[in-house]
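Student: sequence plus the predicted model coming up.
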Amino acid sequence: MIGKEILHKMKVKAGLGSSSSSPETGKGKAKMQGRKVKHGYHLVKGKSSHPMEDYLVAQFRKVDDCELGLFAIYDGHLGHDVPDYLQSHLFDNILKEPDFWTDTESAIRKAYKVTDSKILEKAVELGRGGSTAVTAILVDGLKLVVANVGDSRAVICKNGVAKQLSVDHEPSKEQQSIEDKGGFVSNLPGDVPRVDGQLAVARAFGDGSLKAHLSSEPDVVEEKIGADTEFFILASDGLWEVMSNQEAVDSIRDIKDPPSAAKHLTEEAVARKSKDDISCIVVRFVT
């Protein structure tokens, strides 16, 4: 049974609360296995004319006898309804899976599939758009389980060294699979590769018109959290298109306050001319 939420969940929604063009910042903390865990997040709208389409989750929950940290970035396209739906439902669907504790990877894969099916069923309500996703579940501060579809990314820092935990699902990398399903990957001069000439990622939630050629199967990895683990970063591609993993880690390693670190990363991305929506979560382990 899902326990009481200890920290709030951030919602970014056009027309609700502050202006969709205003940056959003937040923070939280918990104690896991005698080690403090602190998180901070920052979001800033890109240069496009449409409303903010990045959503995130950053919270701790007590589930059974375990402390879980739940963190996610959802980067929507062609509307914000699909990432909004993911923000409200994906983690609950994962935690409802009967084998979550015994086979976490299988539970996550099933929940991603169930959630995508629901989104497609609700196409009239949610529209024709879709969303990438990167989710991270921290279990008792000892294990991190990361899953993703699309190009939002998770990067962990251990002893100052960056390690990417997610997989960037670029159309060019999955061209054979897309073509085997009857689709194609465009590669026009001056543009990025796109599925059927439209979508710049090979995996995503939603996108019903492309689903026959598009996967929602996540890559899943488990990472042990040890004494050498300093922090991890989740961010949308608005950050990663202008910064390498190691550059991101190096730029915030000495910033001990997670909200300040997340804000610094988004500001650095803007300074490097990123025009996309940028959302970033930094989770730091304090001994």
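Tutor: Thanks, I have it.

Student: Tyr74 is in contact with His80, correct?
Tutor: No - the criterion here is C-beta atoms under 8 Å, and His80 misses it with Tyr74 at 9.3 Å. Placement of C-beta: from N, CA and C, glycine included.

Student: mind listing the shared neighbours of those two?
Tutor: Residues touching both His80 and Tyr74 (C-beta atoms under 8 Å, 6 or more residues apart in numbering): Tyr55.

Student: what pairs with the one helix or strand Leu138 maps to, and is each one parallel or antiparallel?
Tutor: Taking DSSP states H and E as the definition, one finds Leu138 inside strand 130-139. Each strand paired with strand 130-139, and its direction, by DSSP bridges: strand 66-77 (antiparallel), strand 143-149 (antiparallel), strand 205-206 (antiparallel).

Student: which SSE is immediately downstream of the last one?
Tutor: Reading on from strand 205-206 to the C-terminus, the next helix or strand found by DSSP H and E is strand 219-224.

Student: what packs against the next helix or strand after that following strand?
Tutor: Downstream of strand 219-224, the next assigned helix or strand under DSSP H and E is strand 229-235. Applying 3 or more C-beta pairs under 8 Å, 6 or more residues apart in numbering; DSSP states H and E, we find strand 229-235 packed against strand 66-77, strand 130-139, strand 153-158, helix 245-252, helix 258-271, strand 278-286.

Student: okay if I get those as TSV plus distance to Gln175?
Tutor: As requested, the helices and strands packed on strand 229-235 are arranged in TSV below (distance: least, C-beta to C-beta, whole Å):
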stretch	distance to Gln175
strand 66-77	20
strand 130-139	18
strand 153-158	21
helix 245-252	24
helix 258-271	28
strand 278-286	28
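
Student: just say which of the strands paired with strand 130-139 is most tucked in.
Tutor: Ranked by mean neighbour count, these are led by strand 205-206 with a mean of 30 (mean count of other C-beta atoms under 10 Å).

Student: give the rounded mean pLDDT of that strand.
Tutor: Here strand 205-206 scores 98 as its mean pLDDT.

Student: show me the contact partners of that strand.
Tutor: With contacts defined as C-beta under 8 Å, 6+ apart, strand 205-206 is touched by 82, 86, 112, 115-116, 119-120, 123, 126, 128-133, 149, 216.

Student: give me the buried entries from those.
Tutor: 82, 86, 112, 115-116, 119-120, 123, 126, 129-133, 149, 216 (16 or more other C-beta atoms under 10 Å).

Student: poorly predicted segments of the stretch 101-250 of the chain, please.
Tutor: Regions of the stretch 101-250 of the chain meeting the criterion pLDDT under 70 are absent.

Student: can you tell me which of the buried ones among the contacts of strand 205-206 lies closest to Arg284?
Tutor: When those are ranked by distance to Arg284 (C-beta to C-beta), Ala133 comes first, at 22.6 Å.
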